[in-house]
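K.L.:
prediction below, plus the sequence it came from.
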Amino acid sequence: MTMATSEPLRTAEPKLLRSFRLAAWLGWQIESNWADPFLFAVYSIIKPLSSAAILVVMYSIITQADFQAPIFAYIYLGNAFYIYVGQVMTGISWAVIDDREHYKTLKYVYLAPIDYPAYLLGRGVARFLIGSFSVGITILFGVLFLNLRIDLAEVNWPLFLFSLLVGVFMLAMMGLLLAGVLLLLAHHMWGLGEAVAGALYLFTGAIFPLEVLPSFLRPVGYILPVTYWLELVRRSLVGQVAQAFPTLAGYTNLQLVGILLALTAVMSVLAVVVFRWCEGRARERGLIDVVTNY
Amino acid sequence: MKRGTSLQTPEWPVSLLKPQKPGQRVRKASGWRLFLKTVLARAYPRIIGQQREKSWMFFDVFLPLLSVAAYVYIYRAIKAPAEYVGFVVIGGAMTAFWLNVLWSMSSQLYWEKEQGNLALYIIAPNSMMAILLGMALGGLVATTLRALVITVIGSWLFQVPYAISSFIQLFLVFTLALVALYGMGMMSASFFLLLSREAWHWANLAQEPIYLLSGFYFPIKSFSFWIAAGASIIPLTLGLDAMRQLIFPSGAALGFLSVEVEIGALLLMSVLFLLGARALLAYMEKLAIQEGRLTESRR
């Protein structure tokens, strides 16, 4: 009996990987099994399409549906890929609230032989998959019905895949940072993720070029890695369109990749340090199993 | 005020909260008095809670303002006329009401079930309709304050020009739209009685699609007539449309129906939704009891 229970722990994959894999499975179950697959698919389609449709209607009213203009592709693609920000970053941090307040299992998670940061990142996998589905559907809708011109032969695939990979990692690190902060918060935990996501939506040029912002607000966008990530994704998919706007036109793709990597590295170090500090404080103050019932 | 009469006079909130002294005889309220007391008692924590946790006010105002700013800058990026910025500010302020109805009215009974309060509501000798009305009243007062702050700050930040053509009609539209909206929230609350962990997802799903269909950020006239007419089942659709017609110089040209027709439709919806809420609540409560869903907790 003892042999049977201890054997898997001794021979299984490293703790980090095991925590990540099991959390990914758990996250998928939580996110998807509240409804049958068809209803879940409909749910996953309606939300992102409605969000995109708001922008499309606003745009078409003012421009008489001039979907050929470069600004349309800029807005549409920025909005589509921004879905990852909400899903990955907010998703990872939301796992803290979910486990602590809703399921009341956070203390048991801590008691289990797992690596907690890896567990949190794993919980974000399901959100990443759902987000990828939503991004894909949104772009497909744009290509099929809104004359969004993405020529698959002209897409810079290596740049796209690399940017996507780095971007998702960067968002996961931001999620980890936020999760750490949420471990210490009780009162504002519901609004913090949304506040950060909302601020990023506004300051990163996701749906309008940064030049539209007042000049004193633009520097905020320039220090955020999401700004460079969205620019790279746009350039890789519709290069000539993205380069029509002056915001980052002075930078080559290589320079943008360099900036994104540097900011991602800074963000990663910051996320790990902040998370460890917050986690330590939360344990000292007995906040791991706090239930506020807000 | 004489001792022993405090519970008879509906001087809210003092009369409701004044503790009874040991041995003092409590006069039981019944009928409309109990109904009114229940309404006020349920409204009380919503209004006072808002004052006690002032930092919530920051998040409740700050988050909608971020969305408002983002949509304003989109309009500026595509060089939209100035009044569209005003449309966004007013629409953004009204999202506070929709979010309140969605998360604090419709899904409230689900949260109460999760917390274990729902059974107590049912057991207590008061009307569930009064509890829902209290939630609506409390939410309405607190949310009006938030919406007002969003409107003032948004208008100041983005220099929105207003030209109000009729204050009376504006007041009527605003009031009727909210009565109808909260009536709808009370109706949908009874549906949420039957839901479990899927409730959160349904409430979440009712955000962006409703922002789209109700024209929170653009005139509903942009849709075809039948789509706009269908979307009008949500009171905020007509409410927003009428308000825009009444407060913006070019609003009337972008209106879906005339303000008078929209006021009539909102009045009709107010009556129908409140009556519907009463009937549905009674039916759903009975069904939930029969199916044993009032105390279930499937997280």
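P.N.:
Structure's in. What do you need?

K.L.:
and residue 278, how many residues sit next to it?
P.N.:
Going with chain A. Residues lying near A:Cys278 (other Cβ atoms under 10 Å in any protein chain shown) number 20. The way it works is simple: take the backbone N, C-alpha and C, and place the C-beta from them, glycine included.

K.L.:
you looked at the wrong chain, it should be chain B
P.N.:
18.

K.L.:
pull out the buried positions in the one helix or strand it maps to.
P.N.:
Assigned by DSSP states H and E, B:Arg278 belongs to helix B:259-290. Buried residues in helix B:259-290, counted by 16 or more other Cβ atoms under 10 Å in any protein chain shown: B:259, B:262-263, B:265-266, B:269-270, B:273-274, B:276-278, B:280-281, B:284-285, B:288.

K.L.:
what sits closest to A:Leu129 if chain neighbours are left out?
P.N.:
The shortest distance from A:Leu129 to any non-neighbouring residue, by Cβ to Cβ, 6 or more residues apart in numbering or on different chains, is to A:Trp28 (7.2 Å).

K.L.:
test my guess that that neighbour contacts A:Arg127.
P.N.:
No: between A:Trp28 and A:Arg127 there is no contact under Cβ atoms under 8 Å: 9.5 Å.

K.L.:
more neighbours, these two?
P.N.:
Set A:Trp28 next to A:Arg127 and count neighbours by other Cβ under 10 Å: A:Arg127 wins out with 25 against 17.

K.L.:
I'd guessed the more buried one sits against A:Val85; true?
P.N.:
No: applying Cβ under 8 Å as the test, A:Arg127 and A:Val85 come out as separate, 10.8 Å apart.

K.L.:
show me the shaky parts of the stretch 151-294 of chain A.
P.N.:
Under the criterion pLDDT under 70, the flagged ranges of the stretch 151-294 of chain A are A:187-190, A:242-243, A:293-294.

K.L.:
mind listing the helices for it?
P.N.:
All helices of the stretch 151-294 of chain A, identified by DSSP state H, counting those that start in this stretch, fall at A:157-184, A:189-203, A:218-222, A:225-242, A:253-284.

K.L.:
let me know which of those is the nearest to A:Ile71.
P.N.:
For those, proximity to A:Ile71 was assessed by Cβ to Cβ; helix A:225-242 is nearest, at 8.7 Å.

K.L.:
hmm, who's touching the closest one?
P.N.:
With contact meaning Cβ atoms under 8 Å, 6 or more residues apart in numbering or on different chains, helix A:225-242 is reached by A:70, A:73-74, A:77-78, A:81-82, A:85, A:149-150, A:154-157, A:159-160, A:163-164, A:166-167, A:170-171, A:200, A:203-206, A:210, A:221, A:243, A:247-248, A:253, A:256-257, A:259-260, A:263-264, A:267.

K.L.:
just the buried residues of the helix or strand hosting B:Phe59, please?
P.N.:
Assessed by DSSP H and E, B:Phe59 sits inside helix B:54-77. Applying a neighbour-count criterion of 16+ other Cβ under 10 Å, one finds B:56, B:59-77 buried in helix B:54-77.

K.L.:
ditto for stretch A:13-31
P.N.:
A:Arg18, A:Ser19, A:Phe20, A:Ala23, A:Ala24, A:Leu26, A:Gly27, A:Trp28, A:Ile30, A:Glu31.

K.L.:
do the same with stretch A:213-227
P.N.:
A:Leu213, A:Arg218, A:Val220, A:Gly221, A:Leu224, A:Pro225, A:Val226, A:Thr227.

K.L.:
can you tell me the closest non-neighbouring residue to the fifth one?
P.N.:
Yep, that's A:Leu224 we're talking about. Among residues not flanking A:Leu224 along the chain, A:Thr204 sits closest, at 5.3 Å (Cβ to Cβ, 6+ apart).

K.L.:
against B:Phe273, how distant is the one you found?
P.N.:
As for A:Thr204, its distance to B:Phe273 is 41 Å (criterion: Cβ to Cβ, to the nearest Å).

K.L.:
and for A:Thr252?
P.N.:
Taking Cβ to Cβ, one finds A:Thr252 at 59 Å from B:Phe273.

K.L.:
kindly report the same for A:Asn253.
P.N.:
Applying Cβ to Cβ, the value for A:Asn253 to B:Phe273 is 55 Å.

K.L.:
and B:Ala282, by the same measure?
P.N.:
Computed with Cβ to Cβ, the distance linking B:Ala282 and B:Phe273 is 15 Å.

K.L.:
B:Ala80 now?
P.N.:
Note on B:Ala80: its distance to B:Phe273, by Cβ to Cβ, is 34 Å.

K.L.:
what of A:Leu77?
P.N.:
40 Å.

K.L.:
which stretches of chain B have low pLDDT?
P.N.:
B:1-23, B:53-55, B:196, B:293-299.

K.L.:
correct me, but A:Gln139 touches A:Ile150?
P.N.:
Actually, residue A:139 is Ile rather than Gln. Yes: with contact defined as Cβ under 8 Å, A:Ile139 counts as touching A:Ile150 (7.1 Å).

K.L.:
which of the two has more neighbours?
P.N.:
A:Ile139 (18 against 15).

K.L.:
now do the contacts for that one.
P.N.:
A:Leu77, A:Ala80, A:Leu148, A:Ile150.
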